[in-house]
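In: Following is a predicted model, sequence given first.
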Amino acid sequence: MKASVLIPVYNKAPFVKEAVESVLSGTFRDIEVVCVDDGSTDTSLQVLHTIHDPRLRMIALPGNRGPAAAANAGIDACIGEYIVRLDADDIAVADRVARQVTFMDTHPDIGASGGQLELFGATNKTWAFPLDPDDCAAQLLFGVPVSQGASILRRSVLEEHGLRYDPTWPRFGEDWLFWLRMARVTRFANIPDTVALYRRGEHNIGHGRDRVADYDLLVRAALGSYKIPFNEAEVAAHLMGLYIFKDPPTRSSVRRLRAWHGRLLAINSERGLFPRKAFAERVTRSWERLFFYLARYGSAAALEHMRLSGSWPGDRLAYLAKYRVNALLGRVTNG
């Protein structure tokens, strides 16, 4: 068996049949589809039983154990050379598995890879991920380098190193922690093609959660995994660099972020935790993009960002002025 497509399922009755059939009807035939029902309280399991294909296997867990435990049960059951992840409310493009298997076959040094996502539902846009392994490694302190639902994993790497998701972690962000552990033993990459359609809406696992609290825990775990010391102010600064604000940004908090970025660069220069050039570029992108988020909170923090950047581009000044006028007129949201 070349590829096992793993689809954990929890209360996705309206979507799961479309997800499964998008794989079964795809161009790559040497597959099995392993669906793990995580104690759904809707009709997800009954919907799965309406799909009649010998390549489909179903595992029903006795109660809701969470996404990490469901994924682990699926990994244990998969027999393919590769494990392809798909979320139960998403849709795989027709040749997704074929393209990803070809990439992995021709890049034996890559333990896991992904692709690009096209978002649909509440919003319609592309969710882009870095292509180069160095850029993927540099992403690890800032979020996931590979989308879980667009990923393909080399099963031999998981088995050799005993890699599984942490079932004790709260429901959100188990994928980031998994990539952090996997990065110790292998490299990541992404192909430039769209491999799945990602459905946005109220059914997403992160919907309605306290985003600040979730990412606060994840940032601490990410920094801790590389033994990077931090204090509370530096956690808040790192969150700001992810465009997540514990408090409305001020000139002082912008300065703290600038200092924190400098410290991260110094630590990486000394310890070589990440590819140095790619990491410096990733920090720069985080800093540069921050300006457009600061503009939502007023002029002071955004102007301090420009001062610390050492330039006053006319287009950014115009953007800030236009945004603040529209905020006063109620056309855009403050914060």
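Out: Yep, it's here. Numbering: from 1, shown residues only.

In: buried residues in the longest helix seen in the chain?
Out: Ranked by residue count, the top helix of the chain under DSSP state H comes out as helix 251-271. Using 16 or more other C-beta atoms under 10 Å as the test for burial, helix 251-271 gives Ser253, Val254, Arg255, Arg256, Leu257, Arg258, Trp260, His261, Leu264, Ile267, Asn268. All C-beta spots, glycine's among them, are computed from the backbone N, C-alpha and C.

In: and of these, the nearest to Leu177?
Out: Leu264 (19.4 Å; C-beta to C-beta).

In: so what's that closest one scoring on pLDDT?
Out: Note for Leu264: predicted pLDDT of 98.

In: same thing with Tyr10?
Out: In this model, Tyr10 carries a pLDDT of 96.

In: What distance do you get for the nearest residue to it once chain neighbours are set aside to Leu223?
Out: Distances taken as C-beta to C-beta, 6 or more residues apart in numbering put Asp38 closest to Tyr10, at 4.3 Å, once the chain neighbours are dropped. Counting by C-beta to C-beta, to the nearest Å, the separation of Asp38 from Leu223 is 30 Å.

In: Same drill for the two, tell me which one is more crowded.
Out: A count of neighbours by other C-beta atoms under 10 Å puts Asp38 above the other of Asp38 and Leu223, at 24 against 17.

In: Now tell me what touches stretch 10-24 from outside.
Out: Stretch 10-24 is touched from outside by 5, 7, 9, 31, 33, 35, 37-44, 46-48, 50-51, 53, 55-56, 64, 67, 70, 84, 86-94, 96-97, 199, 203, with contacts defined as C-beta atoms under 8 Å, 6 or more residues apart in numbering.

In: quick revisit: just checking, the residue nearest to Tyr10 touches Pro62?
Out: No. Using C-beta atoms under 8 Å, Asp38 is not in contact with Pro62; the gap is 10.1 Å.

In: quick one on the thing from earlier: out of the buried residues of helix 251-271, which one sits closest to Glu288?
Out: For these, the closest approach to Glu288 (C-beta to C-beta) belongs to His261, at 11.1 Å.

In: how about the closest one, what does it touch?
Out: Going by C-beta under 8 Å, 6+ apart, the list of residues near His261 reads Gly241, Val283, Ser286, Trp287.

In: In helices, which of the residues you listed appear?
Out: Per DSSP H, helices hold the following members of the contacts of His261: Gly241, Val283, Ser286, Trp287.

In: how's this protein carved up into domains?
Out: Here the domain parsing of the chain from automatic domain parsing is 3-200, 211-328.

In: Quick one: closest of those domains to Gly335.
Out: domain 211-328 (5.5 Å).

In: how long is that closest one from one end to the other?
Out: From its first residue to its last, domain 211-328 covers 27 Å (C-alpha to C-alpha, to the nearest Å).

In: could you pull out the strands for the chain?
Out: Listed in chain order, the strands of the chain (DSSP state E) span 3-9, 31-37, 56-60, 82-85, 91-92, 110-121, 125-127, 152-154, 187-200.

In: how about those in TSV, adding distance to Ala302 and mean neighbour count?
Out: Formatted as TSV, these follow (distance: least, C-beta to C-beta, whole Å; neighbours: other C-beta atoms under 10 Å):
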stretch	distance to Ala302	mean neighbour count
strand 3-9	41	27
strand 31-37	46	24
strand 56-60	51	17
strand 82-85	39	25
strand 91-92	39	24
strand 110-121	27	21
strand 125-127	24	12
strand 152-154	41	25
strand 187-200	28	21
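
In: on that earlier part again, tell me the spacing between the residue nearest to Tyr10 and Ala94.
Out: Distance of Asp38 to Ala94, computed by C-beta to C-beta: 27 Å.

In: cool, and Ala19?
Out: Ala19 is 14 Å from Ala94, by C-beta to C-beta.

In: ok, now Arg164?
Out: Shown here: Arg164 relative to Ala94, a distance of 30 Å by C-beta to C-beta.

In: cool, Trp260 as well?
Out: Using C-beta to C-beta, Trp260 is found at 44 Å from Ala94.

In: Check Trp176 too.
Out: 29 Å.

In: Among those two, which residue is more densely surrounded?
Out: Trp176 (21 against 14).

In: wait, doesn't that one sit right on Val219?
Out: No. Taking C-beta under 8 Å as the definition, Trp176 is not a contact partner of Val219, at 9.6 Å.

In: picking up where we left off before, weakest of the strands of the chain by average pLDDT?
Out: Mean pLDDT per stretch puts strand 125-127 lowest among the strands of the chain, at a mean of 87.
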